[in-house]
Each structure stands twice: as structure tokens, then as C-alpha cells.
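Engineer: A predicted structure for the sequence below; I have some questions about it.
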Amino acid sequence: MSRFWKERRAERSENALPEIETGIPVLLEIDPSADIDFLRGLGFEIVCEIEEGFIIVATEDVDLSVLNEKADAFISMTGMDELNVITSLYANELKVPKVVTKLGRGENLSLIANMPVGSVITPKILCGNTILRYVRAIQNGSDAAETLHSIAGGRAQAYEFKVNEDTLHCNEPLKDIEFKKNILLATITRDRKIEFPGGNSYFQPGDRVIVVSNGSMPNIQLNDIFEEDKEEKDEL
């Protein structure tokens with residue numbers, strides 16, 4: 001903004017136009033409940049207040065040097081990822097000590113991985129991690145999933161379980177076990193050796209297994225991946 005203002009003044013001078021007095025107007029959005037007097041300490045003069053937290057100020061400090069010197073953190077959290085990235089890059093150029101950038105779309109993380117935009121937060125990922133920690137905390141059963149990973153762009157989930165004495169179908173060949181639809185037993189780890197199981201493979205207490213599902217499971221328990229026995233279904 002200050003660069004544009006300087007270029008504009010230089011252009012007018014070259015064209016022999018009347019010089020614009022030093023000072024630039026700025027439209028700011030602040031917390032409506034904030035005391036606007038703090039803006040004077042940042043080198044701004046208050047011109048007028050507008051509704052919903054918008055305020056017009058003016059300053060002779062076209063480089064906004066006072067604001068830059070006093071800013072110890074910058075957080076870009078508008079609803080537009082592109083705007084957040086651009087403003088964070090500018091804040092980094094001004095050497096603001098702490099910069100935080102909000103991304104609404106997690107797929108954009110790879111695009112800015114090498115950009116100096118400070119700490120990046122994604123509400124969707126933060127929410128997912130919070131839910132996962134909560135689910136793990138409330139699981140009382142010892143066969144609860146120890147880890148959960150989203151794969152294939154979120155279209156599938158990989159669960160890691162530890163097999164224990166209460167796990168059904170221990171020591172049975174996988175070819176004799178009926179799994180629920182859209183369930184794949186991907187690996188069996190025993191004594192630190194990873195096996196990609198076949199029909200004759202089996203799991204036993206102490207093993208770790210990774211289960212992949214392309215649909216959400218209502219309960220993250222290892223025994224939930226098995227279909228009910230036909231005899232149990234008949235009884236129901």
C-alpha cells in the first residue's frame with residue numbers, strides 16, 4: 001500500500017500535477033468492542049467510524065513503520081486462503097516475529113510447504129485430530145484402535161489394532177473368517193516382522209494388525225470388523 005502511494009506521488013510529480021499532501025487514508029476492520037484510542041499509538045489519526053467494526057484512519061507514516069515496529073505477531077484468518085497466504089508473505093517480508101496462516105482447504109498445504117508463511121493451521125485437520133483424541137480417550141475396551149490414518153485423499157481409513165485375548169477368530173486362517181463389507185486386513189506384524197497376509201495367514205494375541213476400510217466404522221474396535229456368525233444371526 002505504501003509503495004503504491006509513493007509511486008502515485010512520483011507519477012504526479014513527473015506529470016507536473018499538484019502534489020498530494022503527505023498522508024494516506026486506510027480502511028481498517030477492528031473488534032467493534034475495542035477501544036479505538038489504541039490506534040493513535042500506532043501512528044493513525046481517526047477520521048470516522050463505520051458500522052460493524054470498520055473505521056477510516058489516516059497516517060503520514062506511509063511506510064507504516066510504527067505499526068511494523070510494534071507488531072509482534074500477525075494472524076491471517078480471512079475466509080480466503082489466497083488472501084491469507086499473500087498477507088502472511090507480506091508480514092514475513094516486514095519481519096514480523098510470529099506469523100500464523102489459516103487454510104480452510106487442507107489440500108493447499110502441499111502448495112505452500114516451502115513458502116515463508118509461518119505456522120499454518122487448518123481447522124478441519126485440527127477438528128479431526130481433536131475428535132480422534134476424544135474417541136481414543138473414551139474407548140474402554142482394550143481392542144480399541146491405537147492409531148487412525150486417513151489415506152487416498154480421505155476416501156479410506158487405516159486403523160492399527162493390537163490383538164489380545166478377547167479378539168475373535170485368533171489363530172484361525174483368514175480364509176475361514178467372514179469380514180464385514182469394505183474391510184481389508186492389510187498387514188499382520190508379529191515379532192517386528194510385517195506380513196502381507198494371504199488366505200492361510202492368521203493373527204494371534206500380541207500381534208498388531210492394520211485394517212483398511214473405505215467407509216466409516218461406527219465403533220473403532222477390532223471385533224467390529226467381523227461379520228456375525230450365522231448361528232448368532234439365526235438366534236437374533
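Structural biologist: Thanks, I have the structure now.
Engineer: who touches C48 in this structure?
Structural biologist: Neighbour list for C48: 55-56 [criterion: CB atoms under 8 Å, 6 or more residues apart in numbering]. In this view, the C-beta of every residue, glycine as well, is placed from N, C-alpha and C.
Engineer: tell me the bridge partners for it.
Structural biologist: For C48, the beta-bridge partners are I56 (DSSP bridges).
Engineer: cool, and V120?
Structural biologist: Counting by DSSP bridges, the residues bridging with V120 are T101.
Engineer: quick one, what contacts it?
Structural biologist: Residues near V120 by CB under 8 Å, 6+ apart: 100-103, 109, 112.
Engineer: so N171, which state does it fall into?
Structural biologist: Under DSSP: H, G, I helix; E, B strand; the rest coil, the three-state class of N171 is coil.
Engineer: so which of the contacts of V120 sits lowest on pLDDT?
Structural biologist: Taken together, the contacts of V120 show their lowest pLDDT at L109, with 76.
Engineer: report the separation between that one and E172.
Structural biologist: For L109, the distance to E172 (CB to CB, to the nearest Å) stands at 42 Å.
Engineer: and if you look at I121?
Structural biologist: Counting by CB to CB, the gap from I121 to E172 is 46 Å.
Engineer: repeat that for S88.
Structural biologist: Using CB to CB, S88 is found at 55 Å from E172.
Engineer: look at these two and report which has more neighbours.
Structural biologist: S88 (25 against 12; other CB atoms under 10 Å).
Engineer: most neighbours among the contacts of V120, which one?
Structural biologist: Busiest of those [other CB under 10 Å] is T101, holding 25 neighbours.
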